[in-house]
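1. Here is my input; please provide its structure:
(one chain, ligands or ions: 1)
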Amino acid sequence: MNRTIVLTGDRPTGKMHLGHYVGSLKNRFEMQDEFQCFFMIADYQALTTHQNRAGDLAAHVQEMVLDYLAAGFDPQKSACFLQSQVPQLAELTVIFSNLVTLPRLLRNPTVKEEMEKMGLEKRTTYGFVGYPVSQAADILLFRPQYVPVGPDQRPHIELAREVAARFNRTYGDVFPIPHGVYGALLKGTDGQSKMGKSYGNAIDLSDSEASVRAKVMNMVTDPRRVRATDPGNPDVCSAFHYRTVFDEARADQVARTCRKGAVGCTTCKAALADVLNDFMTPFRNRRKAFEKQPDLVRDILNLGSAKARIEGQRTLEKVKEAMGMGYKFLMG
Ligand code: TRP
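-> Alright, predicted model coming up:
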């Protein structure tokens, strides 16, 4: 059996969208045939930004498992688990917290950006600046080779690699150095550089056909193109970006007809809506099938969390052994 391990995860703060799919879900679900995959729903990490909304997590977690299933997660092949059900993660976080300096944490560009976005600078919690340490534990507890994530996660993967190397140097070789596998960055429906649930510019994996169509028809095309017969510039069109990602084979031709003013924006966007809806049809079919199995989400998470605890306990024993904290004197 192939023991190459893949670990990745997401904060359960809302519905997943096409940006998640292109950035990470696609890559990770393609790895399921070849590797042993673990997918974590990071509910404790969600607390770092949503501490007042802990009560919403239960619903978000269940929604997220359905999003995973719709996007291609196969519970026969891979494990999906809940961070808070695996106490070994918290234990490893405590150990790692002594291997990372505070200036190193404060330099993290993703953390800085999130802090600015939330206007939190002066009220940042210890848990929030420290979440990349906890994420390093999320990753390293499973000793994975690959971590498929969106490009915004790069600083966290780099920190996990540093922590692994520092641990190995300090105490002995326990951790393989993991590799990030980065997907593409998808723009928002408003043309903003990033699709994000908090920006209101997302196409959710669970959107209906009508909702996808409405979102596409609202996309801003070349503002200088007034009449359908005016020549257009696909480089400034929010809709065209989606052609390059979801309709690659025809993107060049679409760009040419746009530049010639041969096809109007309304017609062009209606065709794009069809492309996206075709792309999402398998998601909708799988979701419908899985929604009919009421105990499925519960069983997936219980089974996956049990498996994660076993894997986690194994690593934690190696960690303590390497540190000289296996405490044999307590036994027998
Ligand atoms: N930071 C990730 C996000 O914002 C979630 C996450 C938590 C994660 N632990 C992880 C991703 C471990 C990859 C590996 O979605």
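
2. got a list of contacts for the host helix or strand of Gly9?
-> Here Gly9 is covered by strand 5-10, with elements defined by DSSP states H and E. For strand 5-10, contacts defined as CB atoms under 8 Å, 6 or more residues apart in numbering pick out 16, 20, 24, 28, 31, 35-42, 45, 64, 83, 138-139, 142-149, 178. In short, each C-beta sits where N, CA and C put it, glycine included.

3. I'd like to know which of those residues are buried.
-> 16, 20, 24, 28, 31, 35-42, 45, 64, 83, 138-139, 142-149, 178 (16 or more other CB atoms under 10 Å).

4. give me the subset of those touching the ligand.
-> Restricting the buried ones among the contacts of strand 5-10 to those adjacent to the ligand (criterion: CB under 6 Å from any ligand atom) gives 40, 42, 45, 138-139, 147, 149.

5. Restricted to helices, list the residues you listed.
-> Per DSSP state H, helices hold the following members of these: 45, 138-139.

6. okay if I get the residues you listed as a markdown table plus pLDDT?
-> Shown next, in a markdown table, are these (pLDDT from 0 to 100):
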| residue | pLDDT |
| --- | --- |
| Gln45 | 97 |
| Asp138 | 98 |
| Ile139 | 98 |
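
7. Show me the contacts of strand 5-10 that map onto strands.
-> Mapping the contacts of strand 5-10 onto strands (DSSP state E) picks out 36-41, 146-149.

8. Just the closest of these to Val129, please.
-> Relative to Val129, the closest of the ones in strands among the contacts of strand 5-10 is Val149; by CB to CB it sits at 19.7 Å.

9. Now do the same for Lys77: helix, strand or coil?
-> coil (DSSP: H, G, I helix; E, B strand; the rest coil).

10. Isn't it up against Gln32?
-> Yes. Using CB atoms under 8 Å, Lys77 is in contact with Gln32, at 4.5 Å.

11. Neighbour count for those two, which is higher?
-> Gln32 (17 against 14; other CB atoms under 10 Å).

12. Go ahead and confirm Ala164 touches Ile177.
-> Yes. With contacts counted by CB under 8 Å, Ala164 reaches Ile177, the gap being 5.3 Å.

13. Of these two, give the one with the bigger neighbour count.
-> Ala164 (22 against 12).

14. Quick check: phi and psi at the spatially closest residue to that one that is not a sequence neighbour.
-> With CB to CB, 6 or more residues apart in numbering as the criterion, Ala164 has its nearest non-adjacent residue at 3.9 Å, and that residue is Phe175. Main-chain torsions, Phe175, degrees, to the nearest 10: phi -110, psi 130.

15. what do you get for Asp295?
-> phi -90, psi 0.

16. can you pull the contacts of it?
-> No contacts exist for Asp295 under CB under 8 Å, 6+ apart.

17. which pair in the ones in strands among the contacts of strand 5-10 spans the largest distance?
-> Maximum distance among the ones in strands among the contacts of strand 5-10 (CB to CB): 18.8 Å, for Ile41 and Tyr146.

18. Run through the residues of this protein sitting next to the ligand.
-> 8-11, 40, 42, 45, 135, 138-139, 147, 149, 153.

19. Is there a neighbour count for Asn108? I'd like the number.
-> Neighbour number of Asn108 under other CB under 10 Å is 18.

20. now swap in Ser238 and tell me
-> 20.

21. for Lys122, same thing?
-> 6.

22. Also Asp56?
-> 14.

23. what's the closest non-adjacent residue to it?
-> Asp56 sits nearest to His50 (CB to CB, 6+ apart), 7.4 Å away.

24. Report the separation between the one you found and the ligand.
-> 12 Å (CB to the nearest ligand atom, to the nearest Å).

25. which residues in the stretch 151-300 of the chain form helices?
-> Secondary structure of the stretch 151-300 of the chain (DSSP state H, counting those that start in this stretch): helices located at 154-171, 209-217, 238-246, 248-260, 265-291, 296-323.
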